[in-house]
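Student: Pasting a predicted model and its sequence here:
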Amino acid sequence: MPPFPRTARAALADPQLRANLARATATIGAKRERTVAELPDWEELRRAGAAIKDRVLADLPELLEQLEAAVTAAGGTVHWARDAAEANAIVAGIAKAHGAREVVKVKSMATQEIELNAALAAEGIEAWETDLAELIVQLGHDLPSHILVPAIHYNRGQIRDVFVREMGRVGRPAPDGIGDRPAELAEAARLHLREKFLRAPVAVSGGNFAVADTGTIVVLESEGNGRMCLTLPPVLVTVLGIEKVVPTWSDLEVFLQLLPRASTAERMNPYTSTWTGVTPGDGPQVFHLVLLDNGRSGTLADPVGRQALRCIRCSACLNVCPVYQRTGGRAYGSAYPGPIGAILTPQLRGINQHAVDEQTASLPFASSLCGACFDACPVRIDIPEVLLHLRARVVDRQRGHLAERAALATAAATLDRPGRLAAVQRVAGGLLGGRRRLRLRGPGWLGAWFGARDLAPPARESFRRWWRRNRG
């Protein structure tokens with residue numbers, strides 16, 4: 001992916017995208033404000049959620065071992081994956097061991113993060129998204145644009161066109177004469193997916209939470225597709241980020257109040273599915289849990305950046321972010337868009353590495369630092385603080401740039417001597433003083449900085465000269 005400024009420029013040039021985003025984020029945001037206002041203890045819940053997450057991060061090794069023991073005791077198998085390659089190999093190996101040529105999936109940010117679908121396709125295994133928005137994105141050969149509503153950048157007419165064009169190529173085609181009414185689109189998706197639910201021998205899920213003391217995995221969703229994936233296929237594989245663990249069911253209760261209101265603006269989630277290992281004769285008879293690190297341990301080691309691991313994937317920060325509202329999620333080049341993506345993705349990918357790509361390094365700068373994301377976050381992640389922290393790390397890594405060293409050395413030599421500064425002020429005032437605005441253009445960083453900024457023109461007479469003339 002190109003750096004964020006370049007992808008954002010392309011998004012800003014798409015008026016339909018901006019209209020879709022503005023309408024959707026405004027609707028979700030207004031509903032969220034109403035449902036949050038119903039709780040007089042919302043701020044106390046936020047603080048409780050943040051405290052639980054911080055305790056989890058402090059005790060993470062012990063909690064993960066406790067989770068592994070509980071899952072194993074309940075008949076499941078636990079795998080540890082250091083990175084995306086290991087996680088993908090584990091899932092592909094399980095699918096092959098059960099003769100699966102296709103799998104059905106519950107929406108999972110972790111599997112998007114590791115690009116599981118592409119890895120399975122390389123092994124000859126087709127992965128089908130069953131969440132409606134994820135299905136739209138998959139059929140459209142596109143990237144998700146939102147954590148909660150991955151197809152937020154589509155309108156109904158565009159969704160209809162995707163269904164008519166693509167469904168027949170990979171399964172049951174869209175009904176003849178389908179329109180763009182929500183009921184028609186949902187029915188087309190239901191009929192298309194039902195065949196895949198009934199045929200796939202393996203399901204892959206993510207997890208919103210995992211309860212350490214019982215080994216229970218929890219998935220929250222709104223459409224019921226999760227129930228189909230979690231009950232029909234005989235084999236279930238869950239890919240879970242190691243930060244998703246909570247100690248007890250009492251801790252889970254806090255997040256079951258926070259997450260629905262912060263994400264879908266609902267008092268209670270429509271479908272909350274929980275499962276613990278396997279139960280003979282009921283649901284999947286083989287369960288595998290893949291605990292995914294993929295940069296999380298490195299993030300945990302950063303005292304400032306580690307708070308990004310509190311995230312419960314509610315997307316509240318996206319809906320209030322002025323940058324996201326104008327560019328959408330695809331501009332971020334990651335499974336995690338918006339403000340949380342701007343702080344989480346660089347840390348998971350390793351921003352301290354010597355050869356961090358430009359796209360990753362650009363993400364911490366994809367923000368106005370207005371602070372709306374912190375006010376909206378249900379677990380009080382101070383995203384502006386982490387953004388500034390990561391920006392400093394990017395700058396430290398780039399300090400050897402020749403042009404930057406020359407510019408700073410020139411500025412230091414000028415500002416260090418009052419006589420030199422006065423001389424520069426006289427020359428600048430004589431040449432440029434009195435102009436209403438001053439626009440600079442140039443290559444590289446000079447053009448990037450002044451392309452969106454006007455430089456204040458210098459005064460014809462410096463303050464020092466004025467003081468000597470009037471008060472000297």
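Tutor: Perfect, I can see it now.
Student: who's in contact with the most centrally placed residue in the chain?
Tutor: Central residue of the chain (C-alpha atoms, centre = their mean): Tyr336, 1.8 Å from the mean position. By C-beta atoms under 8 Å, 6 or more residues apart in numbering, the residues touching Tyr336 are 109, 113, 147, 344-345. Bear in mind the C-beta positions are built from the backbone N, C-alpha and C, glycine included.
Student: Which of the residues you listed sits closest to Glu243?
Tutor: Among the contacts of Tyr336, Leu344 lies closest to Glu243 (C-beta to C-beta), at 10.2 Å.
Student: Please report phi then psi for Pro458.
Tutor: Backbone dihedrals for Pro458, given as degrees, to the nearest 10, come out at phi -70, psi 150.
Student: these two touch, right, it and Arg426?
Tutor: No: between Pro458 and Arg426 there is no contact under C-beta atoms under 8 Å: 9.6 Å.
Student: Tell me the helices and strands packed up against the helix or strand where Ala110 lies.
Tutor: Per DSSP states H and E, Ala110 falls inside helix 109-113. If you count contacts as 3 or more C-beta pairs under 8 Å, 6 or more residues apart in numbering; DSSP states H and E, helix 109-113 packs onto strand 235-241.
Student: Paired strands for whichever helix or strand comes after the strand it packs on, with orientation please.
Tutor: Downstream of strand 235-241, the first helix or strand assigned by DSSP H and E is strand 245-246. If you go by DSSP bridges, strand 245-246 pairs up with strand 209-211 (parallel).
Student: Show me how far the partner strand is from its chain's centre.
Tutor: 20 Å (C-alpha atoms, centre = their mean, to the nearest Å).
Student: so whatever helix or strand comes next after it versus strand 235-241, what angle?
Tutor: Toward the C-terminus, strand 209-211 is succeeded by strand 216-221 as the next helix or strand (DSSP H and E). Angle, strand 216-221 to strand 235-241, by axes from the mean of the first three to the mean of the last three C-alpha atoms, to 10 degrees: 90 degrees.
Student: of Pro458 and Arg426, who's got more company?
Tutor: Pro458 (20 against 16; other C-beta atoms under 10 Å).
Student: So that one versus Val424, what's the distance?
Tutor: Distance from Pro458 to Val424, counting by C-beta to C-beta, to the nearest Å: 9 Å.
Student: Next: Asp161.
Tutor: Taken as C-beta to C-beta, the span from Asp161 to Val424 is 60 Å.
Student: State the mean pLDDT of the longest helix anywhere in the chain.
Tutor: The residue-count maximum for a helix in the chain (DSSP state H) belongs to helix 15-37. Mean pLDDT, computed over helix 15-37, is 90.
Student: ditto for stretch 360-370
Tutor: 94.
Student: cool, and stretch 323-334?
Tutor: 92.
Student: which residues of the chain score low on pLDDT?
Tutor: 352-356, 398-401, 434, 436-446, 472 (pLDDT under 70).
Student: about what we covered before: so which bits of the longest helix of the chain are buried?
Tutor: 17-18, 20-21, 24-25, 28-29, 32, 35-36 (16 or more other C-beta atoms under 10 Å).
Student: Repeat that for stretch 130-146.
Tutor: Per 16+ other C-beta under 10 Å, stretch 130-146 contains these buried residues: 130-140, 143-146.
Student: again, but for stretch 147-159
Tutor: Buried residues in stretch 147-159 (16+ other C-beta under 10 Å): 147-155, 158-159.
Student: out of those, who's nearest Leu45?
Tutor: Leu148 (19.2 Å).
Student: Contacts only, for that closest one.
Tutor: 28, 263-264, 313-315, 318.
Student: Now do the buried residues in stretch 460-469.
Tutor: 462, 465.
Student: quick one: the residue nearest to the centre of the chain is in a strand?
Tutor: No: counting by DSSP: H, G, I helix; E, B strand; the rest coil, Tyr336 is not part of a strand but coil.
Student: how far away is it from Pro144?
Tutor: If you go by C-beta to C-beta, the gap between Tyr336 and Pro144 works out to 10 Å.
Student: With Ala37 instead?
Tutor: 29 Å.
Student: again with Val424
Tutor: From Val424 to Pro144 the distance is 51 Å (C-beta to C-beta).
Student: for the buried residues of stretch 130-146, which one is nearest Ala409?
Tutor: Nearest member of the buried residues of stretch 130-146 to Ala409, counting by C-beta to C-beta, is Leu143, at 42.4 Å.
Student: Run a quick neighbour tally on the residue lying closest to the closest one once chain neighbours are set aside.
Tutor: The spatial neighbour of Leu143 that comes closest, neighbours along the chain excluded (C-beta to C-beta, 6 or more residues apart in numbering), is Arg330 at 4.7 Å. Arg330 is flanked by 21 other residues according to other C-beta under 10 Å.
Student: who's in contact with Arg330?
Tutor: 7, 11, 142-145, 153, 337.
Student: So which of those belong to helices?
Tutor: Per DSSP H, the subset of the contacts of Arg330 in helices is 7, 11.
Student: what comes into contact with the longest helix of the chain?
Tutor: 11-12, 42, 145-146, 148-149, 152-155, 261-262, 264-267, 316, 318-320, 324-326, 328, 376.
Student: picking that back up, now the residue nearest to the centre of the chain, what are its backbone angles?
Tutor: Dihedral angles (degrees, to the nearest 10) for Tyr336: phi -110, psi 100.
Student: Quick check: the gap between it and Arg310.
Tutor: Tyr336 is 14 Å from Arg310, by C-beta to C-beta.
Student: One more: Ala262?
Tutor: 13 Å.
Student: cool, and Val286?
Tutor: 32 Å.
Student: Mind checking which of those two has more residues around it?
Tutor: Arg310 (21 against 18).
Student: And what about Leu291, helix, strand or coil?
Tutor: Leu291 ends up strand, using three-state DSSP.
Student: what's it in contact with, if anything?
Tutor: 64, 67-68, 78-81, 240, 242.
Student: burial count for Thr272?
Tutor: By other C-beta under 10 Å, neighbour count at Thr272 equals 16.
Student: pretty sure it is touching Thr216, no?
Tutor: No: using C-beta under 8 Å as the test, Thr272 is too far from Thr216 to be in contact (11.4 Å).
Student: domains in this protein, as residue ranges please.
Tutor: 39-294, 297-397, 402-471 (automatic domain parsing).
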